[in-house]
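> sequence and predicted structure below; questions after.
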Amino acid sequence: MPIPTKELESSHLTTEPHRPSRNPLYLVAGIIVTALAFYLFSPVIPAVVISFLLFIALEPLAAKLCLYGFNRMQAALSVILLIFLATIISFVIGLDSIIRQLQSVYIQLNSIKQQLGEQILLMNEKLLANGFNIDLSALHAATADKALTMDMELLELGSAIVLSIASYLLLVPLILFFLLKDYRSIRNMALGLLPNRYFELGWLVYYRVTNQLYRYFQGVILQVAILTIVASIGFYLIGAESFFIFGVCAGLLVIVPYLGLFLAMLIPVIVTWSTSPGDYVMISKIIVVVSFAYIHDQVIVVPTVIANAVNLHPLIIILGIVIFGYYLGILGMVIAVPLLATIKIILESLINGLQNRVENPI
Amino acid sequence: MNKKHPLWANLLKPADKQQDEIDDLWMKTPLFSDIPQRHIRPITESLSLRHYQPGEIVFKTGEIGVGAALIVNGTISIQTGRNELATLTRGDLFGEVALATDETRTADAIAKEETDLVFFMKQDLDDLIKQNPGTAAKFAINLAKLLAIRLRHTNLYQKQSEV
């Protein structure tokens, strides 16, 4: 088919460019509206974040269904139904075991509280006997105080978690359905709000940020799932009673940079040490299982799944984790890497794009 | 003439009633050659429709491009410096190099009158590849052909200019 072309010709400039308004009030207004929106919608932000993470994980499945002739609505509904079925089946098969493990952990808690206090006192005596002038009685007092309030706090936390899960069970599938069905339209509508002058720049930033974050989060989700399975199998093989709970903890804690391995060991070690103080064999086995799971993760999973998902200098990553961890705690450490990568892409794209405007005026 | 501010022109634009017309225009472009019509609507229904005022810049030389634009109404002037290379009208496609590379734009595109453009972005191409690889493959081949022919015409023009 012949390509319709226009004659390339030189002629005098016939079109003077229109200089757009540079009123900074628009930018300020935009920032204020965005901040206000975040504040007003803050109760649903966690549900939206969870929905987006599920969307990242499930969107390839919906796309696959579209290849087989499903339209977007059918594909979205099918994916939601599949997830519901998988959840129900998992609960039916595993609920009994999970409940027994949770009950076991709760029963052990009282023992843990008591044992923890006794072990601190014992350690204090041994330190003093060996000439170390370190007084752990303050730590013992703090632990004892905490033990008294722990039951109420746990009950409140449990209630809050149950209420959150209940509201998320309604909200998350709804948001996920519309994301799977209409994400393209929602995205195009949102980016369509940009003024013409920044339309392509906005798309460029969106394209680069989402491509990187998409790869990163897909990799992390896969990493968490694999490590959970490996750790759970390991804990099961060594005879740990709450193997699934420990496995899930190990899997989830892998997203905490640098501290994840330590925390993943700490929880099962504390539980075991408190319930069976002299069982160093089990404690050693736990350390071996967690170490193996994390080595497997770092040697096989990370290079395969995450690889160079983010292009940041290691020093920037370390400093970022420390700074975000200082201000936002564990959550800050988790979001540090993707947030830094996003900020880097946005700044690079904006600086290059806006700098070019200065260098190439019309 | 009803002049709309560039900021609000797209924020408060009326609901799109031109979809069939836009699909017909897309079908006539080289990019959608040999692609069945029933495959075009799912691709084009959520593409970005933008309105430009006379003299408004679509893109400038040196900017990184992220998509191709189809003229639905109006006229676009393609310029380098103070030289006008081409004047494009309804149904013409421009900026398609951005779909294939991350290279910067090599010319300026400025609206000569009130103009409506529909953009096909790189992200839309990525979505097409995921959702319909067969159609995406045909699209990619058409894009390659189009770029090859543009290059050929450019080379011929340069040869003529030297002579």
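Nice, I can see it. Quick caveat, the model's predicted, so the values are computed rather than measured.

> show me where pLDDT drops low in chain B?
Where chain B drops to pLDDT under 70, the residues are B:1-17, B:163.

> again, only using 80
Residues of chain B meeting the criterion pLDDT under 80: B:1-18, B:37-39, B:41-42, B:46, B:131, B:157, B:161-163.

> the stretch 1-150 of chain A now?
For the stretch 1-150 of chain A, the stretches with pLDDT under 80 are A:1-31, A:34, A:38, A:42-43, A:67, A:69, A:90-150.

> all helices of it, in order?
A:24-40, A:45-67, A:72-129, A:137-192 (DSSP state H, counting those that start in this stretch).

> swap in chain B?
According to DSSP state H, chain B carries its helices in the segments B:6-11, B:19-28, B:37-44, B:97-100, B:122-131, B:133-162.

> most tightly surrounded among the ones you listed?
A comparison of the helices of chain B by mean neighbour count, using mean count of other CB atoms under 10 Å in any protein chain shown, puts helix B:97-100 on top with a mean of 20. C-betas here are computed from N, CA, C, even on glycine.

> now the helices of chain B as TSV including distance to A:P303?
TSV is the format used below for the helices of chain B (distance: least, CB to CB, whole Å):
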stretch	distance to A:P303
helix B:6-11	44
helix B:19-28	42
helix B:37-44	36
helix B:97-100	30
helix B:122-131	25
helix B:133-162	27
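
> residue of chain B closest to chain A, please.
Going by CB to the nearest CB, chain A is nearest to B:G55 of chain B, at 3.3 Å.

> tell me how many other residues surround that residue.
By other CB atoms under 10 Å in any protein chain shown, 17 other residues sit near B:G55.

> that one against B:A111, yeah?
Yes - the criterion here is CB atoms under 8 Å, and B:G55 meets it with B:A111 at 6.7 Å.

> check contacts around the closest residue to A:L222 other than its chain neighbours.
Leaving aside its sequence neighbours, A:L222 sits nearest to A:V305 (CB to CB, 6 or more residues apart in numbering or on different chains; 4.9 Å). Taking CB atoms under 8 Å, 6 or more residues apart in numbering or on different chains, we find A:V305 in contact with A:Q218, A:G219, A:L222, A:Q223, A:I226.

> tell me which of the residues you listed is nearest to chain B?
Nearest to chain B, judged by CB to the nearest CB, of the contacts of A:V305 is A:Q218 at 12.9 Å.

> can you pull the contacts of that closest one?
Here A:Q218 is in contact with A:I56, A:A57, A:V305 (CB under 8 Å, 6+ apart).

> and whichever strand or helix holds it, how far from the chain's centre?
In the assignment (DSSP states H and E), A:Q218 maps to helix A:199-237. Relative to the chain's own centre, helix A:199-237 is displaced by 9 Å; criterion: CA atoms, centre = their mean, to the nearest Å.

> now do the next helix or strand after it against helix A:199-237, angle only.
Using DSSP H and E, the next helix or strand after helix A:199-237 towards the C-terminus is helix A:243-253. Here helix A:243-253 runs at an angle of 150 degrees relative to helix A:199-237 (axes from the mean of the first three to the mean of the last three CA atoms, to 10 degrees).

> same for helix A:243-253, what does it pack against?
With contacts defined as 3 or more CB pairs under 8 Å, 6 or more residues apart in numbering or on different chains; DSSP states H and E, the packing partners of helix A:243-253 are helix A:72-129, helix A:199-237, helix A:260-275, helix A:280-296.

> contacts only, for the nearest residue in space to A:T228 that is not next to it in sequence.
Of all residues not flanking A:T228 in the chain, A:G251 sits nearest, at 2.9 Å (CB to CB, 6+ apart). By CB under 8 Å, 6+ apart, A:G251 lies in contact with A:V224, A:A225, A:L227, A:T228, A:I229, A:A231, A:S232.

> distance of the closest residue to the third one other than its chain neighbours from B:A136?
On the basis of CB to CB, 6+ apart, the spatially nearest residue to A:L227 that is not a chain neighbour turns out to be A:G251, at 4.5 Å. Using CB to CB, to the nearest Å, one gets 35 Å for the distance from A:G251 to B:A136.

> just the contacts of A:Q218 now: which is nearest chain B?
A:I56 (13.0 Å).

> what's the closest non-adjacent residue to that closest one?
A:F217 (4.9 Å).

> for that neighbour, give its distance to chain B.
Distance of A:F217 to chain B, given as CB to the nearest CB, to the nearest Å: 16 Å.

> what of A:V299?
Distance, A:V299 to chain B, by CB to the nearest CB: 31 Å.

> just give me the neighbour total for that residue.
Counted with other CB under 10 Å, residues neighbouring A:V299 total 10.

> torsion angles phi and psi at it?
Reported as degrees, to the nearest 10, the phi and psi values for A:V299 are phi -90, psi -40.

> isn't A:S274 up against A:Q119?
Yes - assessed by CB under 8 Å, A:S274 is found in contact with A:Q119 at 7.5 Å.

> find the residue closest to the residue nearest in space to the middle of chain B in space, skipping its chain neighbours.
Taking CA atoms, centre = their mean, the centroid of chain B lies closest to B:A69, which sits 1.7 Å from it. Once flanking residues are discounted, B:A69 sits nearest to B:L117: 4.4 Å by CB to CB, 6+ apart.

> and that neighbour, bridged to which residues?
Beta bridges link B:L117 to B:R50, B:I71 when assigned by DSSP bridges.

> between A:S274 and A:Q119, tell me which one has more neighbours.
The neighbour comparison of A:S274 against A:Q119 (other CB under 10 Å) goes to A:S274, with 19 against 16.

> against chain B, how distant is the more buried one?
From A:S274 across to chain B, the span is 50 Å (CB to the nearest CB).

> quick one on the thing from earlier: ok, and the most crowded of the contacts of A:G251?
Highest neighbour count within the contacts of A:G251: A:A231, with 29 neighbours (other CB under 10 Å).

> so where's the stretch 251-362 of chain A uncertain?
Ranges of the stretch 251-362 of chain A meeting pLDDT under 80: A:257-259, A:271, A:273-279, A:301-312, A:314, A:330-331, A:352-362.
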